[in-house]
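> the amino acid sequence is not available; the structure is as follows:
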């Protein structure tokens, strides 16, 4: 009925004060209610990702060696990875390369990348993924960046393979029903 009062030439006009009243009615109560249901100030602890990784290259061609070196540089410069040569649980990038043409080794190379996870040098490695391709001198940086990106995706996907750190029991904790601290019981 109110809208029909403000009709001119077939279009409904809503007065500005009605628009302001509707806007206030929709926004103010929700803002007042939000104060009473404020979230507690206990932010979740975010753990940084720093995946241990190693690069193992097999091949005697110059382009494969450049790819391996560039890959190590990118991994070492990234905050997401830690180049690790020690015998610890880590992702291993196995890079194999060979010249595409034996007569012209600088023209191109064929490469293969296999991602595995190993708990140590003495244990069986877990196969994660693979990639095969051709490499030219102007593609070294692009392919190295693509391998790093895929390594990050695999590190996120298979992060559960790393053993969880064991919590050390605290000697000073009391069990329910104990009236004396654990350190006092050991002295007796």
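Sure, I can see it. Here the structure is a predicted model, which means the values were calculated and not measured. Residues are numbered from 1 along each chain as shown.
> for residue 134, give the beta-bridge partners.
The bridge-partner assignment for residue 134, based on DSSP bridges, gives residue 110.
> thinking residue 92 is in contact with residue 52, fair?
No: contact criterion C-beta atoms under 8 Å: residue 92 and residue 52 do not qualify, at 9.7 Å. (Glycine included, C-beta is placed from N, CA and C.)
> name the residues that touch the helix or strand encompassing residue 92?
Assigned by DSSP states H and E, residue 92 falls within strand 90-99. With C-beta atoms under 8 Å, 6 or more residues apart in numbering as the test, strand 90-99 has contacts from 51-61, 63-65, 67-68, 71, 84, 105, 108-118, 125, 128, 135, 147, 151, 154-155, 158.
> those in helices, which ones?
63-65, 67-68, 71, 147, 151, 154-155 (DSSP state H).
> can you redo those residues as JSON lines with neighbour count, pLDDT and distance to residue 101?
What follows is these, written out as JSON lines (neighbours: other C-beta atoms under 10 Å; pLDDT from 0 to 100; distance: C-beta to C-beta, whole Å):
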{"residue": "63", "neighbour count": "26", "pLDDT": "93", "distance to residue 101": "12"}
{"residue": "64", "neighbour count": "24", "pLDDT": "94", "distance to residue 101": "14"}
{"residue": "65", "neighbour count": "15", "pLDDT": "94", "distance to residue 101": "17"}
{"residue": "67", "neighbour count": "26", "pLDDT": "96", "distance to residue 101": "17"}
{"residue": "68", "neighbour count": "22", "pLDDT": "96", "distance to residue 101": "20"}
{"residue": "71", "neighbour count": "23", "pLDDT": "97", "distance to residue 101": "23"}
{"residue": "147", "neighbour count": "23", "pLDDT": "97", "distance to residue 101": "23"}
{"residue": "151", "neighbour count": "25", "pLDDT": "96", "distance to residue 101": "29"}
{"residue": "154", "neighbour count": "19", "pLDDT": "95", "distance to residue 101": "32"}
{"residue": "155", "neighbour count": "22", "pLDDT": "93", "distance to residue 101": "35"}
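> show me where pLDDT drops low in the protein?
Where the chain drops to pLDDT under 70, the residues are 1-48, 105, 165-188.
> residue 50 and residue 82: what is the separation?
Residue 50 is 5 Å from residue 82, where distance means C-beta to C-beta, to the nearest Å.
> more neighbours: which of those two?
residue 82 (15 against 12; other C-beta atoms under 10 Å).
> ok, now how distant is the more buried one from residue 153?
17 Å.
> for residue 88, same thing?
22 Å.
> kindly report the same for residue 77.
In this view, residue 77 and residue 153 are 18 Å apart by C-beta to C-beta.
> swap in residue 123?
Taking C-beta to C-beta, one finds residue 123 at 24 Å from residue 153.
> now residue 57
21 Å.
> between these two, tell me which one has more neighbours.
residue 57 (17 against 12).
> test my guess that the more buried one contacts residue 66.
No: if you go by C-beta under 8 Å, residue 57 and residue 66 don't touch, sitting 10.3 Å apart.
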